[in-house]
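> Take a look and give me a structure for this.
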Amino acid sequence: MDKEINLIDCTLRDGGYYNNWDFSKKFIQGYLNSISKTKIKNIEIGFLSIPSDKTKGITANCNNKFFQDLTIPKNINCGVMINGSDFLNNQLSKSEIYKILRKINKKNIRFIRFACHVYEIPKIKNYISYLKKAGFTIFVNIMQISEITKIEIKNCCNYLRNICDVIYVADSLGSLDKIKIKLILKSFREFTKKPLGVHTHDNMKKALEISISASKCDAKWIDGTIQGMGRGPGNVKTEDLITYFFKKDINSNKYIKILSKKFLKLKKIYKWGTNKYYYLSGLYKIHPTFIQMLLSDSRYRNFNFVNVINNLKKLKAKKYNPNTLYLAMNFYNNDFTKIATQSLSIPLKKNIIIFGNGKSLQNKNIINKKLFNDSTKILINRSNYVKEKMIDLTVYCHPLRLITDLHLLKKVNGCLLLPYNSIPEILQKKIINRNVINYDLKLGPVIRLNKNHITMPKPLGLIYAVGYLLSRGVKKIYIAGFDGFESNNPFKDETQDYISFLKKTFRNIKIISLTKTKLKL
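Numbers count the residues shown, from 1 in each chain. The predicted structure is shown next:
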């Protein structure tokens, strides 16, 4: 059996969804050395982002610079994945894209895998063909394979007839079982003779079962990751694949166990793996990143995830978009024609301090006492380090934070600032606090300010509060406890981008941090 099956380990690529692809060169080299002593001859070392994404770690940007100081063992075929959407959702011209593709070095990269939805294939086939003619082995990874129709399978096979070497099917939503994968592969085999591969996710604890079933149904390429490290619940474990397909190979089993122990340390940090929420996401065909976001963000730990998942099910949330979550809860209906029944204003002092929940606030003496006493003190959501009785204005705008803390709002000291008119009526009735200042919020691509509402791409509390203050003529704002995201956090924090935009738009505004921060002010 081992002569028929080709395993690809894609840990450093798929696993990056948990640590923002922030692997060190030393760690990567150790991984390569260990893998080279097993029967695995193909590894997908990361993404080749087009263009490079500076917000992500090095295995998200596997260009020529990435391979400097790395020694690729001679018995390893190293490959990268390129997202099909990269070609469609950027500002680069076709000539600029081809210039990037021409720079890919065949000395380091032997194969390239294109990850794309079925509708993207005809739009990017010229780029696929270009790299095929350049001499690379080409894999095409068709995402969300559980949703594909037989007609689409036929069209895919026709598009890919002369421009790829292997067709991969990816169970992106983790909703397949061994019967469904057999039917899908059987349909592909009707229209193509090309080798087939499978990439599974373990939402329903069926990844290994599906992979083995696929191998018995003419799939010659199987993906795995060490300790299952991958987006959402993770993938089938490379260790399990080696045990099944190469159980008689002593070296493979020995060195994969050594490598497995190294990744177990990461698993204890990032806590990937299937659970009842991922199971439901697979059952309802919900994109697993919704669940990963909820589980990874400590702000949501008290929230009823099952209710969120049921709402996502109704929205058919197969594609990840954070705003989908808000729409599922009927947030931000943007009915600005209503007159707020609960709307106040508070006098603002000369000094304004906005507090977050960063650990930098542990030093209680960091803020000048005179400044503290002679200021309007604003708190974003809740803080472990600031006494709420000292706060004049508490701000909420993020849907999940608002719902999570709903039972606490009646206890808020001072006034409460939130987009009252924009939230569902059922929630309005539950906000038992007469001291509500209404400042509406609309989701849109660009930040725009109005005296009565703000438009912004994402509901970030700090930006919402700053927008409110700007609409009231405030020109100087102190902030404290906004430490910024760590480099290995897989969720991008747009706060910096939005602050930069506001400072560029309102040139006379000053934002000063009283505590240490990664934000550039």
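> Around the closest residue to residue 88 other than its chain neighbours, how many other residues sit close by?
Nearest residue to residue 88 in three dimensions, chain neighbours excluded: residue 123, at 6.1 Å (C-beta to C-beta, 6 or more residues apart in numbering). For the C-beta atoms, the positions are set from N, CA and C on the backbone; glycine is no exception. Number of residues near residue 123 (other C-beta atoms under 10 Å) recorded here: 14.
> Now do the SS call for residue 123.
Assigned with DSSP: H, G, I helix; E, B strand; the rest coil, residue 123 falls in the helix class.
> dump the residue contacts of residue 453.
By C-beta atoms under 8 Å, 6 or more residues apart in numbering, the contact list for residue 453 reads 336, 419, 422, 439-442.
> For stretch 367-379, the averaged confidence score.
Throughout stretch 367-379, pLDDT has a mean value of 88.
> buried stuff in it?
367, 375-379 (16 or more other C-beta atoms under 10 Å).
> So what would you say the end-to-end distance of that stretch is?
End-to-end distance of stretch 367-379: 15 Å, with C-alpha to C-alpha, to the nearest Å as the criterion.
> start at 8 instead
In the new numbering, first residue 8, that becomes stretch 374-386.
> And the contacts of that stretch?
The set of residues external to stretch 374-386 that reach it, using C-beta under 8 Å, 6+ apart, is 353-362, 393, 395, 397-402, 424, 472, 485, 487, 521.
> Repeat that for stretch 50-58.
Contacts for stretch 50-58 (C-beta under 8 Å, 6+ apart): 15-17, 19-21, 23, 28, 35, 39, 42, 63, 65-70, 73, 83-90, 93-94, 97, 99, 104, 107, 111, 116, 119-120, 230.
> and if you look at stretch 213-228?
Residues contacting stretch 213-228 (C-beta under 8 Å, 6+ apart): 8, 11-15, 146, 173, 175, 178, 181, 183-185, 188-189, 192-193, 196, 202-205, 207-208, 229-231, 235, 242-244, 247-248, 251-252.
> Going by neighbour count, list what's buried in that stretch.
For stretch 213-228, a neighbour-count test (16+ other C-beta under 10 Å) marks 213-222, 224, 226, 228 as buried.
> Distance from the chain centre to it, please.
27 Å (C-alpha atoms, centre = their mean, to the nearest Å).
> Take that stretch, keep the C-alpha atoms, and write them as PDB.
Extracted C-alpha coordinates of stretch 213-228, given in PDB (Å, rounded to 0.1, in the frame of the first residue of the first chain):
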ATOM      1  CA  LYS A 213     -14.100  11.500  10.800                       C
ATOM      2  CA  ALA A 214     -11.000  12.900   9.200                       C
ATOM      3  CA  LEU A 215      -9.000   9.700   9.400                       C
ATOM      4  CA  GLU A 216     -11.900   7.500   8.400                       C
ATOM      5  CA  ILE A 217     -12.600   9.700   5.400                       C
ATOM      6  CA  SER A 218      -8.900   9.700   4.300                       C
ATOM      7  CA  ILE A 219      -8.700   5.900   4.500                       C
ATOM      8  CA  SER A 220     -12.000   5.600   2.600                       C
ATOM      9  CA  ALA A 221     -10.700   7.900  -0.100                       C
ATOM     10  CA  SER A 222      -7.500   5.900  -0.400                       C
ATOM     11  CA  LYS A 223      -9.600   2.800  -1.100                       C
ATOM     12  CA  CYS A 224     -11.500   4.800  -3.800                       C
ATOM     13  CA  ASP A 225      -8.500   5.700  -6.000                       C
ATOM     14  CA  ALA A 226      -7.200   8.800  -4.100                       C
ATOM     15  CA  LYS A 227      -3.400   8.600  -4.400                       C
ATOM     16  CA  TRP A 228      -2.600  11.800  -2.400                       C
END
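> ok so, going back, take the buried residues of stretch 213-228 and keep only those in strands.
Using DSSP state E, the subset of the buried residues of stretch 213-228 located in strands is 226, 228.
> Relative to residue 164, which of the buried residues of stretch 213-228 is nearest.
Comparing the buried residues of stretch 213-228 against residue 164 with C-beta to C-beta places residue 226 closest, at 15.2 Å.
> Show the pLDDT at the closest one.
Residue 226 is given a pLDDT of 96.
> same check, this time on residue 288
So residue 288 comes in at 94 (pLDDT).
> That one: neighbouring residues, count only.
Residue 288 has 29 neighbouring residues, counting by other C-beta under 10 Å.
> number of nearby residues for residue 507?
13.
> Please apply the same query to the one 10 residues further on.
Neighbours of residue 517 under the rule other C-beta under 10 Å: 12.
> who's it bridged to?
Counting by DSSP bridges, residue 517 forms beta bridges with residue 483.
> just the buried residues of stretch 374-386 now: which is nearest residue 284?
The nearest member of those to residue 284, counting by C-beta to C-beta, is residue 386 at 30.0 Å.
> what about that closest one, which SS state?
strand.
> Find me whatever residue is spatially closest to residue 196, sequence neighbours aside.
Leaving aside its sequence neighbours, residue 196 sits nearest to residue 225 (C-beta to C-beta, 6+ apart; 6.2 Å).
> still on that earlier bit, could you flag which of the contacts of stretch 213-228 are buried?
12-15, 146, 173, 175, 178, 181, 183, 188-189, 192, 196, 202-205, 207-208, 229-231, 235, 242-244, 247-248, 251-252.
> Take those and keep only those in helices.
Among the buried ones among the contacts of stretch 213-228, the members falling in helices (DSSP state H) are 188-189, 192, 196, 247-248, 251-252.
> Just give the number of residues close to residue 54.
So residue 54, with other C-beta under 10 Å, has 25 neighbours.
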